[in-house]
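Trainee: sharing a model that was predicted from the sequence below.
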Amino acid sequence: MSLLELFVAVLLTGVALLNAAVPLAAWARSRDGRFALVAGGNLALATLGGLWTWGQLPGNPPPYTEVQLPVLSIVLVAVFLGLAATLWPRHV
């Protein structure tokens with residue numbers, strides 16, 4: 001267990017949940033299925049981050065929750081790019 005891996009897993013979970021909020025709000029307003037798909041993808045990444053967080057906690061987590069820092073970093077970059085794409089202002 002590494003504190004850095006735990007921090008990155010918690011950060012991944014939080015950013016993915018934050019990134020799901022904007023598309024969910026847009027879906028609630030417009031009922032456009034594309035927003036639901038983007039929110040669903042982010043909720044799946046948040047679930048993955050939650051599993052990886054569980055794997056870094058003390059105790060005896062299942063083997064499928066183990067992850068290494070390079071994999072966490074790649075997924076975190078993907079989540080931040082998704083957040084940037086969601087928050088980028090639209091040119092009309």
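Mentor: Nice, I can see it. Residues are numbered from 1 along each chain as shown.

Trainee: quick check, central residue of this structure?
Mentor: The chain has Ala16 as the residue nearest its centroid, 2.8 Å off, counting by C-alpha atoms, centre = their mean.

Trainee: which residues touch that residue?
Mentor: With contacts defined as C-beta atoms under 8 Å, 6 or more residues apart in numbering, Ala16 is in contact with Asn42, Leu43, Leu45, Ala46, Leu48, Gly49, Val79. All C-beta spots, glycine's among them, are computed from the backbone N, C-alpha and C.

Trainee: one more: Leu83?
Mentor: By C-beta under 8 Å, 6+ apart, the contact set of Leu83 is Val15, Leu18, Asn19.

Trainee: over to the residue nearest to the centre of the chain. Which of the three states is it?
Mentor: Put simply, Ala16 is helix when judged by DSSP: H, G, I helix; E, B strand; the rest coil.

Trainee: now Leu69: how far from Thr53?
Mentor: Leu69 sits at a distance of 14 Å from Thr53 (criterion: C-beta to C-beta, to the nearest Å).

Trainee: and the residue nearest to Leu12 when sequence neighbours are not counted, which of the three is it?
Mentor: Nearest non-adjacent residue to Leu12, counting by C-beta to C-beta, 6 or more residues apart in numbering: Gly49, 3.8 Å away. On the three-state scheme (three-state DSSP), Gly49 is labelled helix.

Trainee: what about Gly49, neighbour count?
Mentor: 25 (other C-beta atoms under 10 Å).

Trainee: try Leu81
Mentor: Neighbour tally, Leu81, other C-beta under 10 Å: 11.

Trainee: ditto for Leu6
Mentor: By the criterion of other C-beta under 10 Å, Leu6 has 17 neighbours.

Trainee: what do you get for Phe7?
Mentor: Phe7 has 13 neighbours, counted by other C-beta under 10 Å.

Trainee: please point out which parts of the one helix or strand it maps to sit buried.
Mentor: Assigned by DSSP states H and E, Phe7 belongs to helix 3-30. By neighbour count on 16 or more other C-beta atoms under 10 Å, the buried set for helix 3-30 is 5-6, 8-9, 11-13, 15-17, 19-20, 22-24, 26-27.
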